[in-house]
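In: I would like the atomic coordinates for the input below:
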Amino acid sequence: MFEIDNSLAEKGCIKRYEKKHREECASCLENLLEVKEYLNAGMPLPQVLRCCSYLRSEGEDIYRIGQTGVVGAKETRLYVYVRIVNGKIYKLTFGDKDSQQRDINRCKQIVRKFKKTI
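Out: Numbering: from 1, shown residues only. Below you'll find the model as predicted:
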C-alpha cells in the first residue's frame, strides 16, 4: 500500500505556500490523494499518468501535481517523488509557473541526496 511521506518536504516553503494559496494547495493535495488511490488499487504509474491530466513527470521519479477546479487560481504545482519499491510518495515542495525550473532543480537535488542514503 502506498503512503504519503513528508520526510523530504521543504516544510517552511510548503507552509508559506499553503498560507498564500490555500485553495490551490488544497486542490493539489486532493489530486495527490487521488493518485495514491489509483496506485493502491494496483494501477501502474504509467497508466496513472495517462489517466490524470494534472500529473506530469519531471524526470528522476519526480512528478508535479497541478491544481484543478479552482477558478482564477495561480497555477500551482505540488512536486512529489514516487518510490515504487517502498510504496511511498514523498512530498517535496509547492511551486508555480514562475519558479518551475528552480523548483524542479531543487527537487532533483533533494532526491539525489536522498538516494545516496538508501
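In: Tell me which helix or strand in this structure has the weakest average pLDDT.
Out: Within the chain, no helix or strand scores below helix 11-20, which has a mean of 90 by mean pLDDT, DSSP states H and E.
In: doesn't Arg102 make contact with Tyr79?
Out: No. Between Tyr79 and Arg102 there is no contact under C-beta atoms under 8 Å: 11.2 Å. For glycine as for every other residue, the C-beta is placed from the backbone atoms N, C-alpha and C.
In: overlap in contacts of those two?
Out: Both Tyr79 and Arg102 are contacted by Gly95, under the criterion C-beta atoms under 8 Å, 6 or more residues apart in numbering.
In: Neighbour count for these two, which is higher?
Out: Tyr79 (26 against 10; other C-beta atoms under 10 Å).
In: what pairs with the more buried one across the strands?
Out: Tyr79 has these beta-bridge partners by DSSP bridges: Arg64, Thr93.
In: And the pLDDT for it?
Out: Model confidence at Tyr79, expressed as pLDDT, equals 98.
In: One more: the one 10 residues further on?
Out: Ile89 is assigned a predicted lDDT (pLDDT) of 98.
In: Show me the strands in the chain, by range?
Out: Ranges of strands in the chain, per DSSP state E, are 3-5, 55-59, 62-66, 76-83, 88-96.
In: what sits up against the first one?
Out: Contacts of strand 3-5 with the rest of the structure, by C-beta under 8 Å, 6+ apart, involve 32, 36, 87-91.
In: and with 10 Å instead?
Out: 29, 32-33, 35-36, 40, 80-81, 83, 86-91 (C-beta atoms under 10 Å, 6 or more residues apart in numbering).
In: Need the contact partners of stretch 10-26.
Out: 6, 9, 27-29, 66-79, 91-96, 99, 103, 106-107, 110.
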